[in-house]
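*Asks:* build the 3D model from these lines:
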Amino acid sequence: MATSNNPITKGLSGRFKQIVFRQRYGKTIICKRPRKPATIDPSQYAIRENFKNACIYAKSAIVNPSLKLFYAARAKLGQSAYNVAVAEFYTLDIIHEIDSSAYNAKEGGAIMVTIAKSFAIASVYVRITGNSSLIEEGPSGRLTAGLGWVYISNGAKPTIKAKKIQVTVTDMEGRLITKIKTI
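*Replies:* The predicted structure follows:
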């Protein structure tokens, strides 16, 4: 792929025989005509469907003014808000660690949650269960240092021993990521 600032090709876009002219950030890009594969491998259908869903998500995201500004702010040189939204569709926020060492089911006990990309998180919700019964649940608060989230126990049922901690993270796009830790 070559770029050209030639006055003859400047602003040119389209196809001429086996050559394609494209405009990208004020430059004319010249490349070979793309060719479609003769046959499609069945495993490629899932990849194409996933990409189609990413494009649908990106189109709907840039229609929302606040999300468009969010993605535009994260775009690097040569990227658009749409490109960043497509890339974001493929990356899920990862719950790295659920630290329950300071939790004792009494009021003031804490559960720390460390998340990979905490800047894009809308909320973190913690649910603590015993033997098939709910002990307590509620939203977590972001730590001031920005390194994670903390849930403070309300001491609702200190007599029931906690067996599972379920953390549900909602990112800015509304996707839910859940991780369960067995104690």
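*Asks:* beta-bridge partners for residue 179, please?
*Replies:* As for beta bridges, residue 179 partners with residue 167 under DSSP bridges.
*Asks:* what about the strands in the protein?
*Replies:* Ranges of strands in the chain, per DSSP state E, are 2-4, 14-16, 19-24, 27-32, 95-99, 110-115, 121-129, 134-139, 141-142, 149-152, 164-171, 176-182.
*Asks:* quick check: buried residues in the last one?
*Replies:* Applying a neighbour-count criterion of 16 or more other Cβ atoms under 10 Å, one finds 177, 179, 181 buried in strand 176-182. Where you see a C-beta, it was placed from the backbone N, CA and C, and this is true even at glycine.
*Asks:* end-to-end on stretch 11-26?
*Replies:* With Cα to Cα, to the nearest Å as the measure, stretch 11-26 spans 8 Å from end to end.
*Asks:* starting at the chain centroid, how far to it?
*Replies:* 33 Å (Cα atoms, centre = their mean, to the nearest Å).
*Asks:* stretch 138-148 now?
*Replies:* Mean C-alpha position of stretch 138-148 versus that of the full chain (Cα atoms, centre = their mean) differs by 18 Å.
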